[in-house]
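A.B. asks: build me a model:
(one chain, ligands or ions: 1)
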Amino acid sequence: MIVITAPTSSIGKKVLHSLLDSYPDVRVIARDANRIEPADRKRVTVVEGSHGDLEVVAHATEGAHAVFWLVPPNPKASSVDEAYSGFTRPGLAAMRSQGVRRIVGISALGRGTEQAGSAGLVAATLAMDDLIAESGIAYRAVTCPSFFDNLLRQVQPIREKGMFFSAVDPSRKLPGCATQDIAETSVRLLLDDGWTGSGHEAVLSPEDLSFEDMAAVMTVVLGKSVKCVRTDYDAYKQQFIGRGMSEAMAQGMTDMVRAKSEGLDNGEARTGQNTTRTSFRQWCEDVLKPAVNE
Ligand SMILES: NC(=O)c1ccc[n+]([C@@H]2O[C@H](COP(=O)([O-])OP(=O)(O)OC[C@H]3O[C@@H](n4cnc5c(N)ncnc54)[C@H](OP(=O)(O)O)[C@@H]3O)[C@@H](O)[C@H]2O)c1
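C.D. replies: I've put the predicted structure just below:
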């Protein structure tokens, strides 16, 4: 049996949907079962609660051999490590006690780069990977660059003003990825019982693009001028504080975008296995354009 955490998240709902095509024995942990896609909800067992809770995870993973692990955002956390390792620790203890054999977790690019140690949320994500790897349960971290889907949060300025904002240096060429491709990599790993030990698998779009390049692609696909406007680091941090985020998490977000501007996401070489089929242009055609034209 396979357990899926965060089945209502952007990635988790795609993991669940695609896993159910080939594997029927699935349990999910959800705070509210009604938020799971109705067609998928009928086909799974739901354990209600948070996967940050030891007892919930212990109940859900009874008899499970593999778990999909996704840490939810915690804008109020008192530190970035509390948000990632602190959230993971109780569930990890539960998974160990239940004899779970394999975990596939959502993580971030950057390991081995000189920026990794001071990369805020990403540094904390990599520390969480180490924590899981040290548990002795076989682990694959699915290491992601920034999601193309993050741009969906900016549909309104794209539609109304032909602009979007980035605190990452808009001229730095970077890989990106579509959440659909993250889900496909995760499902492949969940269904493969041939791997052991700990390691990672990156999810990289076919080419590196800067945010300026992305604006040019959006201009063609949307048929209207789109430009990227840079937000400075201080304004970026203050905008999160203004929305109620803790000082530590706002600083962690800012440290992360600074590290990305300086090369955090440029350390992973493309291979046939880690390069996805979805280009940014394809993602714009399939996802962004319908959202902007809604
Ligand atoms: N965005 C990026 O560019 C990027 C890059 C690399 C890695 N990541 C990582 O990707 C992950 C986010 O993935 P995503 O965008 O797919 O997530 P998401 O869409 O933001 O969804 C998070 C889900 O977590 C659930 N949730 C919130 N608080 C919870 C709690 N206390 N306990 C249990 N569940 C809770 C929410 O569901 P309910 O409200 O239904 O419970 C929500 O559906 C993070 O770990 C992030 O670090 C992101």
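A.B. asks: bridged to the nearest residue to residue 60 once chain neighbours are set aside, which residues?
C.D. replies: Spatial nearest neighbour of residue 60, chain neighbours left out: residue 47 (3.9 Å); criterion: Cβ to Cβ, 6 or more residues apart in numbering. No exception for glycine: its C-beta is placed from N, CA and C like everyone else's. Beta-bridge pairing for residue 47 (DSSP bridges): residue 29.
A.B. asks: who's in contact with residue 47?
C.D. replies: Residues in contact with residue 47 (Cβ atoms under 8 Å, 6 or more residues apart in numbering) are 27-30, 56, 59-60.
A.B. asks: neighbours around the closest residue to residue 48 other than its chain neighbours, how many?
C.D. replies: Leaving aside its chain neighbours, residue 48 sits nearest to residue 33 (5.9 Å; criterion: Cβ to Cβ, 6+ apart). When neighbours are defined as other Cβ atoms under 10 Å, residue 33 has 14 of them.
A.B. asks: which residues touch residue 33?
C.D. replies: Counted by Cβ under 8 Å, 6+ apart, residue 33 has contacts 41, 46, 48.
A.B. asks: quick one: the second one and residue 28 touch, right?
C.D. replies: Yes - counting by Cβ atoms under 8 Å, residue 46 sits close enough to residue 28 to count as a contact (5.5 Å).
A.B. asks: so which of the two has more stuff around it?
C.D. replies: Neighbour count, other Cβ under 10 Å: between residue 46 and residue 28, residue 28 has more, with 27 against 16.
A.B. asks: distance of the more buried one from residue 5?
C.D. replies: 8 Å (Cβ to Cβ, to the nearest Å).
A.B. asks: going along the chain, name the strands of the protein.
C.D. replies: Counting by DSSP state E, the chain has these strands, from start to end: 2-5, 26-30, 45-48, 66-69, 102-108, 138-144, 163-166, 198-202, 227-230.
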